[in-house]
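whatever this is, show me its structure:
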Amino acid sequence: MKIIKFGATAVIAVALLLGCGAKPQVDFDQSYDFDAIEYVSIPEPKHDNHPLMAKRAQTALTATLASIGWRAQAESDIELVARLWQQKQAKQSQFSIGIGGGSYSSNSSIGGGVSIPVGSDEVTAQYLRLDLFDSGAQRWQAQTFFAIDGLAPEELQQQMDQAVQTLLQQLPITKAP
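Model prediction:
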């Protein structure tokens, strides 16, 4: 007598979404004295299709400067320039449901399964790049991104604040503010 059993198993894999801590890309002039900087000018950031994000970046930059011991000044040879753009990105992770089943008898077994992705496989990433120029010469740059789909305006500002803070922490400053 054959005994046949069928079973179904659901497995949900959950991981971090795109941008919840993207590692910044950083490059700088190793011979430049970043500790000597006291004042920087911050030209108005430009964003091709989202001027509100440019305003959020300006707010975040101005608020964060003091944490590294710098002050904003209208005119300075040293400029901290923000560049912003958005781009669709494949999610680094997504929810998926795996369903499997099988049967067995005393001498054999058969199994199978299918994986079904849940939700969109793309998100909109907000990129932020900061460049530091002294008398027109680039001395430092850092870049990061974060996901913006479905975020409220307050959450967008929080994400921008965090991105700016993360990038400015990458400056090779050795003196305490």
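
CA only for contacts and neighbour counts going forward, please
Fine.

show me what counts as buried in the host helix or strand of residue 63.
Applying DSSP states H and E as the criterion places residue 63 in helix 51-64. Neighbour counts over helix 51-64 (16 or more other CA atoms under 10 Å) mark 53, 54, 55, 56, 57, 58, 60, 61, 64 as buried.

repeat that for stretch 124-137.
Counting neighbours by 16+ other CA under 10 Å, one finds that the buried residues in stretch 124-137 are 124, 125, 126, 127, 128, 129, 130, 131, 132, 133, 134.

from the residues you listed, which ones fall inside strands?
124, 125, 126, 127, 128, 129, 130, 131, 132, 133, 134 (DSSP state E).

from these, which single one is nearest residue 174?
residue 132 (16.8 Å; CA to CA).

list the beta-bridge partners for residue 83.
Beta-bridge pairing of residue 83 under DSSP bridges involves residue 46, residue 129.

what about the strands in the protein?
9-12, 25-28, 39-40, 46-47, 71-72, 78-90, 96-104, 109-117, 122-134, 137-147.

of these, which shows the lowest average pLDDT?
For those, mean pLDDT drops lowest on strand 9-12, to a mean of 24.

burial measure for residue 146, as a count.
For residue 146, the count of nearby residues is 23 (other CA atoms under 10 Å).

what about it, distance to residue 31?
For residue 146, the distance to residue 31 (CA to CA, to the nearest Å) stands at 31 Å.
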